[in-house]
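Visitor: Provided below for reference: sequence and predicted model.
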Protein chains: 2
Amino acid sequence: MSYAFGPHLIRSNQIFLFSKLSFAFVNLKPVLPGHVLVAPFRVVPRFAELTYEEICDLFSCTQTIGKVIEREYHATSLTIAMQDGPEAGQTVPHCHVHLIPRKAGDYANNDDIYKDIEKSSKVDNEERPPRSLEEMAREAEFLRQFFKDSK
Amino acid sequence: MSYAFGPHLIRSNQIFLFSKLSFAFVNLKPVLPGHVLVAPFRVVPRFAELTYEEICDLFSCTQTIGKVIEREYHATSLTIAMQDGPEAGQTVPHCHVHLIPRKAGDYANNDDIYKDIEKSSKVDNEERPPRSLEEMAREAEFLRQFFKDSK
């Protein structure tokens, strides 16, 4: 089974958390280990279109996942970002949160990470090859154990 | 009256929205016009420490404010970012959301904005002079009219 992420389909073996209104999945081109995405099921481009219940669910999931990935990827901080609209760097027209474990020295220039977030979303970005489906499925399976309560 | 933002104090005339659990205020060194901050009243450094109610309130306010600043600053998108911990670029140890109206061409390189977000948080950043308290109060007063329902 697959889930819509804008015009793309995310296979269920890339998804590691389902909540009532949101889902979280591993990344084709993570900018750092543990870079995951959290999105509402409902395909809406902009944050402004989310209901109050969707907002609560999306960011409550983001918090839950953040605690786990920070610990499991041996990080000490988290970059949490939403590129809300094309002029903010959004490339997939489906509202979503980037969640990235951070640690000292992971980027020589701390904010270069945002350039890579934008590049990572572009299907035509050839700078880094996409990961294999098998590698992504393995990471999702690893993460899934921490979210057993989810659907 | 002043409100704690980590170790700093934010004067009430810089605040334009109060909700049950959060407040929003104008920025000493905005990276673009309309760059505002939203924070829970409770001084906690990390997102992980927020209660479910605080998360709902914080991001519901962020959505409400985002709609207004995008319209009022003639923008078409929003950068929404939380530097959650020092290794993610957080300089004030009080969990907060950066909310920035974006439009085409505002940055030649779209993600250079994040470098400026980090710099804008640093008290010792001398690259841009801080705005005057009067200028900040005027902007907060302008914004306050759109949030009359808030406390």
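Guide: Arrived safely, thanks for sending.
Visitor: what ranges of chain A fall below the confidence cut-off?
Guide: A:121-128, A:149-151 (pLDDT under 70).
Visitor: where exactly do the strands run in it?
Guide: A:2-5, A:8-11, A:15-18, A:22-26, A:36-40, A:77-84, A:97-102 (DSSP state E).
Visitor: Which residue, neighbours along the chain excluded, lies closest to the residue positioned nearest the centre of chain A?
Guide: For chain A, A:Leu37 is the residue whose C-alpha lies nearest the centre (C-alpha atoms, centre = their mean; 1.0 Å). Of all residues not flanking A:Leu37 in the chain, A:His96 sits nearest, at 5.1 Å (C-beta to C-beta, 6 or more residues apart in numbering or on different chains). Every C-beta, even on glycine, is put in place using the N, C-alpha and C of the backbone.
Visitor: if we can go back for a sec, how about the strands of chain A, which one is nearest A:Tyr114?
Guide: A:Tyr114 lies closest to strand A:77-84 among those, at 7.1 Å (C-beta to C-beta).
Visitor: can you list the strands of chain A in a markdown table and add distance to B:Cys56?
Guide: Conversion of the strands of chain A to a markdown table gives the following (distance: least, C-beta to C-beta, whole Å):
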| stretch | distance to B:Cys56 |
| --- | --- |
| strand A:2-5 | 24 |
| strand A:8-11 | 26 |
| strand A:15-18 | 19 |
| strand A:22-26 | 14 |
| strand A:36-40 | 14 |
| strand A:77-84 | 16 |
| strand A:97-102 | 15 |
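Visitor: For B:Leu17, which of these is the nearest?
Guide: Closest approach to B:Leu17 among those (C-beta to C-beta): strand A:77-84, 18.4 Å.
Visitor: Give me the angle between that closest one and strand B:77-84.
Guide: 170 degrees (axes from the mean of the first three to the mean of the last three C-alpha atoms, to 10 degrees).
Visitor: Which elements pack onto strand A:77-84?
Guide: The contact analysis (3 or more C-beta pairs under 8 Å, 6 or more residues apart in numbering or on different chains; DSSP states H and E) places strand A:77-84 against helix A:52-72, strand A:97-102, helix A:112-121, strand B:77-84.
Visitor: before we move on, back to that, distance check, the residue nearest to the centre of chain A against A:Asn27.
Guide: 6 Å (C-beta to C-beta, to the nearest Å).
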